[in-house]
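[1] Just need the structure, nothing else, for what follows:
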Amino acid sequence: MRRRPRGRSGVSPAFPMPGSILLVALLMFLSFLVLNPGLSLGESAPSSATGCHVKITSVSGITYKSLNRTITITGQCFGTDPVYVSLKQFGYTGKDTYDCGGPVNGPSLRILDSGRGDWAAGRFYGQDASCTATNAIGLNYFSWTNTKIVIHGFGNGLGLPGSDATWIMYPGDTCSVLVNHDHFGSRCTYTLPAGDC
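    Numbering: from 1, shown residues only. This next block holds a predicted model:
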């Protein structure tokens, strides 16, 4: 009588091997990215509380030497009724949106210069233990709806080279705009072409 050889029987194991697990996880992640083309790694998924996903479709009006020009941000799911903080107490004009993760949990906006100027405008983090203070560059708001934000330029904290302003906008810098639906919800970053700021 012939004995059956010991070892592998040719039947697949009940559980996949570690390499197979890694391959399946990678394929699932790639499928998620393909099915969600507008979601970058720097953005969050829609907030479970709102079911809303912030998307910025266009930004106009952020231009070197036009600090008082109207800036228009269009898109979806921006939220409504942001809480504003006047920067008059810090000696600057304009106001910021408040986003500190504390009692206020509403929409907020930040305009960031990642070039030589290295400044941020539009969002106030507060100065308590749970928040980080940021540049006091105020924005002159005109209106904020769920699909459009209109700002009438920057406060006096920002100036051009040669001015005595605290922060400077230099030609050729790259700027980006980040809109949060709320502190814990969806957000989107829109980067302007280099040199637009």
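
[2] Helices of the chain, start to end?
    For the chain, helices defined by DSSP state H occupy the ranges 18-35.

[3] hey, which helix or strand in it has the poorest pLDDT?
    helix 18-35 (a mean of 47; mean pLDDT, DSSP states H and E).

[4] Show me what residue 113 is bridged to.
    Bridge pairing for residue 113 (DSSP bridges) gives the partners residue 175.

[5] so it touches residue 137, yeah?
    No - distance between residue 113 and residue 137: 9.4 Å, which falls outside the contact criterion (C-beta atoms under 8 Å). Placement of C-beta: from N, CA and C, glycine included.

[6] Give me the common contacts of the two.
    Jointly contacting residue 113 and residue 137 under the rule C-beta atoms under 8 Å, 6 or more residues apart in numbering are 119-120.

[7] Tell me which of the two has more neighbours.
    Set residue 113 next to residue 137 and count neighbours by other C-beta atoms under 10 Å: residue 137 wins out with 27 against 23.

[8] Pretty sure the more buried one sits against residue 90.
    No - counting by C-beta under 8 Å, residue 137 does not reach residue 90; the two are 10.4 Å apart.

[9] Can you give me the end-to-end span of stretch 57-76?
    Its first and final residues considered, stretch 57-76 spans 8 Å by C-alpha to C-alpha, to the nearest Å.

[10] Apologies, that question was intended for stretch 189-197.
    Start-to-end, stretch 189-197 (C-alpha to C-alpha) is 15 Å.

[11] Looking at it now, give me its mean pLDDT.
    Here stretch 189-197 scores 82 as its mean pLDDT.

[12] buried set for it?
    The neighbour-count check on stretch 189-197 (16 or more other C-beta atoms under 10 Å) flags 190-192, 197 as buried.

[13] could I get those residues as a markdown table with distance to residue 162?
    Formatted as a markdown table, the buried residues of stretch 189-197 follow (distance: C-beta to C-beta, whole Å):
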| residue | distance to residue 162 |
| --- | --- |
| 190 | 29 |
| 191 | 27 |
| 192 | 23 |
| 197 | 17 |
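
[14] farthest-separated two in these?
    Of all pairs drawn from the buried residues of stretch 189-197, the greatest distance, 12.3 Å, lies between 190 and 197 (C-beta to C-beta).

[15] Now do the contacts for the residue nearest to residue 123 when sequence neighbours are not counted.
    Closest residue to residue 123 in three dimensions, ignoring its sequence neighbours and counting by C-beta to C-beta, 6 or more residues apart in numbering: residue 110, at 4.1 Å. Counting by C-beta under 8 Å, 6+ apart, residue 110 makes contact with 120-123, 177-178.

[16] Rank the residues you listed by pLDDT and give me only the lowest.
    Of all the contacts of residue 110, residue 123 has the smallest pLDDT value, namely 84.

[17] tally of neighbours for the nearest residue in space to residue 76 that is not next to it in sequence?
    Distances taken as C-beta to C-beta, 6+ apart place residue 55 nearest to residue 76, at 5.0 Å, with adjacent residues excluded. Number of residues near residue 55 (other C-beta under 10 Å) recorded here: 18.
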